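Undergrad: Everything below, folded, please.
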Amino acid sequence: MKNLIKKIQQVEIGAAGLFLVIFLITIVFQIISRHVGVSAVWTEEIIEYSFIWSVFLGAAGMVYEKKHFSFSSLADHLKSEKSKRILSIVISAIMLVFALLLIFYGIRAAIRFWNYKWLNIPVLKRGWTWLCLPICGATSAIFLIDSIVTDSQAILGGCKENKSENSNENKNGGAD
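TA: Numbering: from 1, shown residues only. Predicted coordinates for the structure are as follows:
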């Protein structure tokens, strides 16, 4: 399961990178076309929507790496690994709520705008543009649930180790 989740994240980061490349190439094309006096009005929407996809796919990918959102100043002050894991679970749970809302409202936005057409490229529908919202929410939710499970297992595993260490301390008179 961990390998599948990692593959999802890699595909998502790759797709985000591809949309970023499309974004940058289209900007360069737009600059050159303006310089030579050629009108390329279609570039505006390509730039806008490729940037949107890049941001949302990249954001979800960073959730997997825990680089998207954190309270590092608080975590830096925590001494024990268990406390840091508990904070990570709390942050992941809060983010999971937002990811679920992103799925719900992202689907609604995609449905609502599905039949709207792009202004300069009318063969494309705007609903496709907003599918990045529920995709971001769904993959973020997968990554967050995995993080919560991993942190919970580490805490439970750590508690078992601490109990055995405490029982050894009691046998040894509490001093090492």
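
Undergrad: Quick one: residues contacting the most centrally placed residue in the chain.
TA: The centre of the chain sits closest to A60, judged by Cα atoms, centre = their mean, with a distance of 1.5 Å. For A60, the contact set (Cβ atoms under 8 Å, 6 or more residues apart in numbering) comprises E12, I135, C136, G137, T139, S140, F143. C-betas here are computed from N, CA, C, even on glycine.

Undergrad: In a strand, it, correct?
TA: No. Counting by DSSP: H, G, I helix; E, B strand; the rest coil, A60 is not part of a strand but helix.

Undergrad: Pull out the buried members of the contacts of A60.
TA: Among the contacts of A60, those classed as buried by neighbour count (16 or more other Cβ atoms under 10 Å) are E12, I135, C136, G137, T139, S140, F143.

Undergrad: Identify, from those, the entry nearest to M95.
TA: S140 (7.1 Å; Cβ to Cβ).

Undergrad: With adjacent residues omitted, what lies nearest to the closest one?
TA: Among residues not flanking S140 along the chain, A99 sits closest, at 4.1 Å (Cβ to Cβ, 6 or more residues apart in numbering).

Undergrad: Contacts only, for the one you found.
TA: With Cβ under 8 Å, 6+ apart, A99 has these contacts: V63, C136, G137, A138, S140, A141, L144.

Undergrad: Recalculate using a threshold of 6 Å.
TA: G137, S140, A141 (Cβ atoms under 6 Å, 6 or more residues apart in numbering).
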